[in-house]
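Participant: heads up, no residue letters with this:
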């Protein structure tokens, strides 16, 4: 996904003189050709994430459309106040593109991980959040984000679904896409956890939906999916902090008595290294773990 | 030293008193008053009828707290109506204890949390340059206490390393930093390649001369010392 982001951003810098890119050393080598072609619009501030987001705010104030990019933990967690004040409070916006959310950098340890990035962005107002599940989704989402004027968080991951055989490639549809129908509940799989969610619910009588755009949350889509089942049980399967979208589901189902199981990354710092797949399993987000949790919750 | 035709104290003190409701203190109680007046009266290319002019200079008040002098100068220069000064931070007031750029004409950034203006200023300067707008200056006012915030030093190092010559930092130094700046504030900028000048923050001629120097391929800083 990161390479797709590099290629698409390089093309956007060529095509649109409003596009600017701010880096804090991460991915700078990949953007060297773009920096050589557009030295005024590709800015690498060094290992200075507060400045990176502040500069993005200043570029936006000057009329450009900035993209800022780093590891999620440095881009969002570390520079949170700059996002809040240098973008939102100034009444300007940017496209923030992260890599390494949750535990992509498993072997690097907690200092390089952020499962809480989407929750932090959720404390702000009006942000669109994209969590692509396949590299093919990256470029269209990025292009739409740059074309837009609003604030966008694009969360790229090493985790991905296997193929493009799913019908969800229709990117104009940003809402929940129903991939499988059943009667006992609705599973909402976000981004790269779709394959695991589909495998986990194989043979279970549930509706499975997918989205790469958890914000704004598709409330109407959830209500529509529930209407086709005989239950009001909802399961969130999210590749970031468990419960991140619980409030969005509660808001969507304000007048509908329901039960919710919010699966995602646990709050604990496990203090373990290992691989990405290890962490997925430790947090119960592999197919086997998801099946255990979902079957117990739905009594299937 | 010759004073300008209009004495800022005479002109601004009544406006300041409308903001603060304070009839006791004179102009010397406001550390930023002189430098703000010199900037708006003699340095910045800004005007109330050119709020969106891409060629205007940008003034960013980073040190957003205690903005009474800023509001008084904006009123004196016609950016905001004088009656706005009478209701500071009231429930329907556009003027708060920290300025909001979306509420006050002529205010380029909302500020208050310290250490944000220089980073924003670097971005504005880069953004103007990227659009071929090479004439406007970007002037950021910070306080010596504000420099405690590490984010400033990210901007100082980067702007110096890249020779961002359209950027000027004005540091109002009233010795309010808790642990001080041994070796002087100017040295923090000079070591990163900024051109520096340290002047009496009440001396309008010296301030104007320092603030009007020609661009030289380096960012510049003017340390305006205020004796308390």
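Facilitator: Arrived safely, thanks for sending. Fair warning: this is a prediction, and the values are worked out from it, not measured in the lab.
Participant: Which secondary structure state does the residue in chain B positioned nearest to chain A sit in?
Facilitator: In chain B, the residue that lies nearest chain A is residue B:123 (1.9 Å; Cβ to the nearest Cβ). (Glycine included, C-beta is placed from N, CA and C.) Here residue B:123 is recorded as helix under DSSP: H, G, I helix; E, B strand; the rest coil.
Participant: I'd like to know how far it sits from residue B:79.
Facilitator: Residue B:123 sits 23 Å away from residue B:79, taking Cβ to Cβ, to the nearest Å as the criterion.
Participant: out of those two, which sits in the more crowded spot?
Facilitator: Each of residue B:123 and residue B:79 has its neighbours counted (other Cβ atoms under 10 Å in any protein chain shown); residue B:123 has more, 33 against 20.
Participant: Spatially nearest residue to that one (excluding sequence neighbours)?
Facilitator: Spatial nearest neighbour of residue B:123, excluding adjacent residues (Cβ to Cβ, 6 or more residues apart in numbering or on different chains): residue A:58 at 1.9 Å.
Participant: what packs against the helix or strand where the one you found lies?
Facilitator: Residue A:58 is part of helix A:49-61 when elements are defined by DSSP states H and E. Counting contacts by 3 or more Cβ pairs under 8 Å, 6 or more residues apart in numbering or on different chains; DSSP states H and E, helix A:49-61 packs against strand A:19-23, strand A:65-71, helix A:80-82, helix B:117-130, helix B:150-161.
Participant: shouldn't residue A:265 be in contact with residue A:237?
Facilitator: No: assessed by Cβ atoms under 8 Å, residue A:265 is found out of contact with residue A:237, at 11.1 Å.
Participant: Looking at strand pairing, list the partners for the residue positioned nearest the centre of chain B.
Facilitator: In chain B, the centroid-proximal residue (Cα atoms, centre = their mean) is residue B:141; its distance is 3.2 Å. Counting by DSSP bridges, residue B:141 forms beta bridges with residue B:61, residue B:170.
Participant: Show me what the helix or strand bottoming out on mean pLDDT in chain A pairs with in its sheet, parallel or antiparallel.
Facilitator: Every helix and strand in chain A was compared by mean pLDDT, DSSP states H and E; the lowest is strand A:177-180, with a mean of 92. Using DSSP bridges, the strands paired with strand A:177-180 are strand A:207-211 (antiparallel).
Participant: What sits closest to residue 176 if chain neighbours are left out?
Facilitator: As the question left the chain open, I've gone with chain A. Residue A:176 sits nearest to residue A:221 (Cβ to Cβ, 6+ apart), 3.5 Å away.
Participant: My question was about chain B, not that one.
Facilitator: Closest to residue B:176 by Cβ to Cβ, 6+ apart is residue B:145, at 4.0 Å.
Participant: And the strands in chain B?
Facilitator: For chain B, applying DSSP state E gives strands covering B:58-61, B:138-143, B:167-173, B:195-200, B:220-225.
Participant: I'd like these as TSV, with distance to residue B:96 and mean pLDDT appended.
Facilitator: Listed next are the strands of chain B as TSV, based on distance: least, Cβ to Cβ, whole Å; pLDDT from 0 to 100:
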stretch	distance to residue B:96	mean pLDDT
strand B:58-61	13	98
strand B:138-143	18	98
strand B:167-173	20	98
strand B:195-200	30	97
strand B:220-225	25	98
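Participant: wait, what's in contact with residue A:279?
Facilitator: Shown in contact with residue A:279 (Cβ atoms under 8 Å, 6 or more residues apart in numbering or on different chains): A:102, A:103, A:106, A:270, A:272.
Participant: What does the pLDDT read for the residue in the stretch 1-150 of chain A that chain B sits nearest to?
Facilitator: Here the residue of the stretch 1-150 of chain A nearest chain B is residue A:58; by Cβ to the nearest Cβ that distance is 1.9 Å. For residue A:58, the pLDDT comes out at 98.
Participant: So which elements touch the helix or strand of chain B with the lowest mean pLDDT?
Facilitator: Every helix and strand in chain B was compared by mean pLDDT, DSSP H and E; the lowest is helix B:8-20, with a mean of 88. In this structure, helix B:8-20 makes packing contacts with helix B:33-38, helix B:68-76, judged by 3+ Cβ pairs under 8 Å, 6+ apart.
Participant: quick one, which of those helices is nearest to residue A:151?
Facilitator: Residue A:151 lies closest to helix B:68-76 among these, at 28.0 Å (Cβ to Cβ).
Participant: Tell me the helices and strands packed up against that closest one.
Facilitator: helix B:8-20, helix B:33-38.
Participant: Buried ones in the longest one, by neighbour count?
Facilitator: Pointing back at helix B:8-20 there. Using 16 or more other Cβ atoms under 10 Å in any protein chain shown as the test for burial, helix B:8-20 gives B:8, B:9, B:11, B:12, B:13, B:15, B:16, B:17, B:18, B:19, B:20.
Participant: Same check on stretch A:99-112?
Facilitator: Within stretch A:99-112, judged by 16+ other Cβ under 10 Å, the buried ones are A:99, A:100, A:101, A:102, A:103, A:104, A:105, A:106, A:112.
Participant: Strands - which of the residues you listed land there?
Facilitator: In strands, defined here by DSSP E, the members of the buried residues of stretch A:99-112 are residue A:99.
Participant: Need the max-distance pair from the buried residues of stretch A:99-112.
Facilitator: The farthest-apart pair in the buried residues of stretch A:99-112, when distances are taken by Cβ to Cβ, is A:99 and A:106, at 13.6 Å.
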